[in-house]
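S.K.: attaching a predicted model along with its sequence, questions to come.
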Amino acid sequence: MIKLIMVKEILQIGNPVLEKKTTDIADFKSNELKQLVNNLVDTADANKIITAGLAAPQIGSLLSVCVCRRIDLETDENITVGKHDLWEVMINPKITHLSDKKSNYWEGCLSIGIGGDSLFGPVERPNYVIITYNNLKGEVKHLIGRDFLAHEIQHEMDHLKGILFIKYIQDPKNIWRRNALDKYYDEYGDYPPII
């Protein structure tokens, strides 16, 4: 049987779905869940040049599912990462540990602007996270995220609580459009100082 690739439209800031909390999955055998996971993976993979993850509310579903890009595997020269290994499917994810140590990374979001007009900003988050979640079979899994992966996991889990990253940026002068941020980075080899 041939699987159809389903790239979904990504909801943009202002859509009320993005501000709602999701509901945990109880039935791991449902066709709705399987289709949602396929849609998330296909949509994230279609945008892999510009994204590190995607959550169900971004494609209109209020179920507690997100996918995170396994950048820790991508950067390991000894591992070949296929499409379905690249995107870690996390169902009903829960944080079990956050570090006291924090770090700043520049974050963007497919739901906050399109193309060169998408918005980015520095977000401070715990630098280390441990989560538990279910896979598609309902099995309990654990994942440790450090540095950018920790930010990425927390960013996607925020979507499941109706929170967009831009909420964490206090000074609007720290919000940059992608085109301007790329130009700055090309010129100075680093991100702008945080105001």
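M.R.: Sure thing, it's come through. Given the structure is predicted, the values throughout are model-derived calculations rather than measurements.
S.K.: which element follows the strand ranked longest in the chain toward the C-terminus?
M.R.: The longest strand of the chain (DSSP state E) is strand 87-98. Counting by DSSP states H and E, the next helix or strand C-terminal to strand 87-98 is strand 102-108.
S.K.: shouldn't residue 104 be in contact with residue 121?
M.R.: No - counting by CB atoms under 8 Å, residue 104 does not reach residue 121; the two are 9.9 Å apart. In short, each C-beta sits where N, CA and C put it, glycine included.
S.K.: these two: which has the busier surroundings?
M.R.: residue 121 (25 against 15; other CB atoms under 10 Å).
S.K.: can you give me the helices for this protein?
M.R.: Applying DSSP state H to the chain gives helices spanning 31-46, 71-74, 83-86, 147-159, 178-188.
S.K.: in this protein, where is pLDDT below threshold?
M.R.: Scanning the chain for pLDDT under 70 picks out 1-5, 78-79, 83.
S.K.: who's in contact with the residue nearest the centre of it?
M.R.: Taking CA atoms, centre = their mean, the centroid of the chain lies closest to residue 53, which sits 3.1 Å from it. Neighbour list for residue 53: 44, 66-69, 152-153, 155-156 [criterion: CB atoms under 8 Å, 6 or more residues apart in numbering].
S.K.: which strand residues bridge it?
M.R.: residue 68 (DSSP bridges).
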